[in-house]
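Peer 1: structural data only, the sequence is not supplied:
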């Protein structure tokens, strides 16, 4: 019996040494490759913005499908119906305020929020009521007026590398504020842009009305929010607002999926992913072409090195993360009961990778120590526990599938997030290669390791 156990231990050790022994070549190959940046540049420059339901989103699916085929993956398109919201004209101008000189124009810089209704082609005029909380909204009389939620993004938190925390503190006013204003009878709603750079640059994003009646809503630049707040202390402020978006019938679209078949046909699937759709104001380089490119880098690294993973590596470009999550919902519905070993999503830009956030049982972190050690040379050795995951893989996490997100330096990410400035030049090629290296090492481990033992 002891001999059998010793033999099994030696075999297991040999297998462990075999797959962990690949880490250095995987890491170095990805670090030396410019594949991810070339792919990202094609996606952003040739296709451009990729809002769900648009011709560009469909073109992006085609481009990724072709690229996956070039990598030798088994490619399939998973259908989903996505919202089809189209931006129209967006203009605003202060028309009345205390001390306004005659003949002086006072235009505002703004961007319509996804899900906004239209003001009509003539626009609307109204007095602005400035609030900085939901409690203040409820205490004010806003019937027929234009509400401005003026809550500042806390860049001090983001400067500590916690951009996601700063974002979560402020984004609630964008996602829930217009609905709250609608329930109070407001005619329209403006939101101070949720972002850290005050470059008179508005940040778009989705808003959710739920059971409330949609109303015209937009994000305005931080500088213009400050101006309105200042003027409102001097007296009544009125503005003219013109927003002409359209909500069209839901459109057919797809998640694009590519499998690198594992050597064990009975083994589970390991997902590496990013979301393919983007907002329509920039080219979605940080959010989230960089995530898709990093996932594609994993497959390219495996193929370049001739690696045959034990488990199937599944690369996914999710559709409709930005304004509905239809792709994630379709995947979750169609894969119930199917085996997934783990899932990874990169969706926080392209800052330096510090390691991974892990939504896993506690025994997984010690088992992944070899990954941490292998990523020390690129400064990505940190593994920390989490109670959530990226939006597209969260349904898998809710089913008990271990989920991972890269821990990315997010100090400047929200300067560009959902703005016209989210473009290829904001992506650091060195960071992109490092992120690809980190994800490739983790993916190889997840495709190769035994399931960590949960016994005491």
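Peer 2: Right, received. Where do you want to start? Just so you know, these numbers come straight off a predicted model, no measurement behind them. Numbering: from 1, shown residues only.

Peer 1: and residue 341, that one's in a helix?
Peer 2: No - per DSSP: H, G, I helix; E, B strand; the rest coil, residue 341 lies outside any helix segment and is strand.

Peer 1: quick check: phi and psi at the spatially closest residue to it that is not a sequence neighbour.
Peer 2: Nearest residue to residue 341, sequence neighbours excluded (CB to CB, 6 or more residues apart in numbering): residue 268, at 3.7 Å. Where you see a C-beta, it was placed from the backbone N, CA and C, and this is true even at glycine. When read as degrees, to the nearest 10, the backbone of residue 268 gives phi -80, psi -180.

Peer 1: ok, now how distant is residue 268 from residue 328?
Peer 2: Distance of residue 268 to residue 328, given as CB to CB, to the nearest Å: 19 Å.

Peer 1: those two: who's more crowded?
Peer 2: For residue 268 versus residue 328, neighbours defined as other CB atoms under 10 Å are more numerous around residue 328 (26 against 18).

Peer 1: wait, a strand at the more buried one?
Peer 2: No - read with three-state DSSP, residue 328 is helix and lies in no strand.

Peer 1: read off the pLDDT value for it.
Peer 2: Listed pLDDT for residue 328 reads 98.

Peer 1: wait, doesn't it sit right on residue 318?
Peer 2: Yes - between residue 328 and residue 318 there is a contact under CB atoms under 8 Å: 6.1 Å.

Peer 1: who are the contact partners of residue 184?
Peer 2: In this structure, residue 184 makes contact with 137, 138, 142, 143, 147, judged by CB atoms under 8 Å, 6 or more residues apart in numbering.

Peer 1: same thing but 6 Å
Peer 2: Taking CB atoms under 6 Å, 6 or more residues apart in numbering, we find residue 184 in contact with residue 142.

Peer 1: any idea how far it lies from residue 142?
Peer 2: 5 Å.

Peer 1: what of residue 242?
Peer 2: Distance from residue 242 to residue 142, by CB to CB: 20 Å.

Peer 1: same question, residue 216
Peer 2: Going from residue 216 to residue 142 by CB to CB gives 14 Å.

Peer 1: pull out the buried positions in stretch 97-112.
Peer 2: By neighbour count on 16 or more other CB atoms under 10 Å, the buried set for stretch 97-112 is 97, 106, 108, 109, 110, 111, 112.

Peer 1: so, low pLDDT: which residues of the stretch 201-350 of the chain?
Peer 2: Residues of the stretch 201-350 of the chain that meet the criterion pLDDT under 70 are absent altogether.

Peer 1: going along the chain, name the helices of it.
Peer 2: Listed in chain order, the helices of the stretch 201-350 of the chain (DSSP state H, counting those that start in this stretch) span 222-232, 290-304, 326-334.

Peer 1: overlap in contacts of residue 328 and residue 318?
Peer 2: If you check residue 328 and residue 318 against CB under 6 Å, 6+ apart, the residues they both contact are residue 392.
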